[in-house]
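Colleague: With the sequence up front, the predicted model follows.
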Amino acid sequence: MLEHVGLTVFDRSEIKAFYQSLLGLGLQYDFTIPADLSENLFGIPKQTRVYLLSKGNLKLELFISKRKTPRNYTHICISVENRKAFIQKAKQKGYECTVVRREKSDLFFIRDKSNNLFEIKEQ
């Protein structure tokens, strides 16, 4: 019963370059969270622009912030029709891609420029 996932994005241009062009998500709407609400909800006293994008059952709320997220284990797993072609496209667009060869099944990951990590499975 997952409704949506909220992510921090460092640069608004990533919405089009990564989330729309590469992941294929469509912009549903955008809004601004006032500083007082942002502080009450997230402990960050700044007015913040938010973009809601979706594709199928996946909905992402992208919060624009100059605070670059440190690397960690958090990731979202998505499935695509052809993950090798998808990874190639991501590499051509300059995104960090990791492919780990394994005997049973290889692992594919891509990272946006804000350090958000996506595991890529094949449908």
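Modeller: Arrived safely. Residues are numbered from 1 along each chain as shown.
Colleague: And what about Glu39, helix, strand or coil?
Modeller: Secondary structure for Glu39, judged by DSSP: H, G, I helix; E, B strand; the rest coil, is helix.
Colleague: actually Asp11, not the one I typed
Modeller: Asp11 ends up coil, using three-state DSSP.
Colleague: quick one: it and Arg49, what's the gap?
Modeller: Distance of Asp11 to Arg49, given as CB to CB, to the nearest Å: 12 Å. In this view, the C-beta of every residue, glycine as well, is placed from N, C-alpha and C.
Colleague: list the residues that contact both of these two?
Modeller: Ile64 (CB atoms under 8 Å, 6 or more residues apart in numbering).
Colleague: name the element the most far-flung residue of the chain relative to its centre belongs to?
Modeller: The C-alpha centroid of the chain is most remote from Glu103, which lies 28.4 Å away (CA atoms, centre = their mean). Glu103 belongs to no helix or strand when elements are defined using DSSP states H and E.
Colleague: what's the strand or helix carrying Glu14 in contact with?
Modeller: For Glu14, the host element (DSSP H and E) is helix 13-14. For helix 13-14, the surrounding residues in contact (CB under 8 Å, 6+ apart) are Asp112, Lys113, Ser114.
Colleague: ok, how many other residues are close to the nearest residue to the first one once chain neighbours are set aside?
Modeller: Right, the one you point to is Asp112. Closest residue to Asp112 apart from its sequence neighbours, by CB to CB, 6 or more residues apart in numbering: Phe18 at 4.7 Å. Look at Phe18: counted by other CB atoms under 10 Å, it has 25 neighbours.
Colleague: can I assume Phe18 sits in a strand?
Modeller: No - the assignment for Phe18, made by three-state DSSP, is helix rather than a strand.
Colleague: contacting residues for it?
Modeller: Residues in contact with Phe18 (CB under 8 Å, 6+ apart) are Lys93, Tyr95, Asp112, Lys113.
Colleague: Can you tell me which of those has the most neighbours?
Modeller: Counting neighbours by other CB under 10 Å, Asp112 leads the contacts of Phe18 with 23 neighbours.
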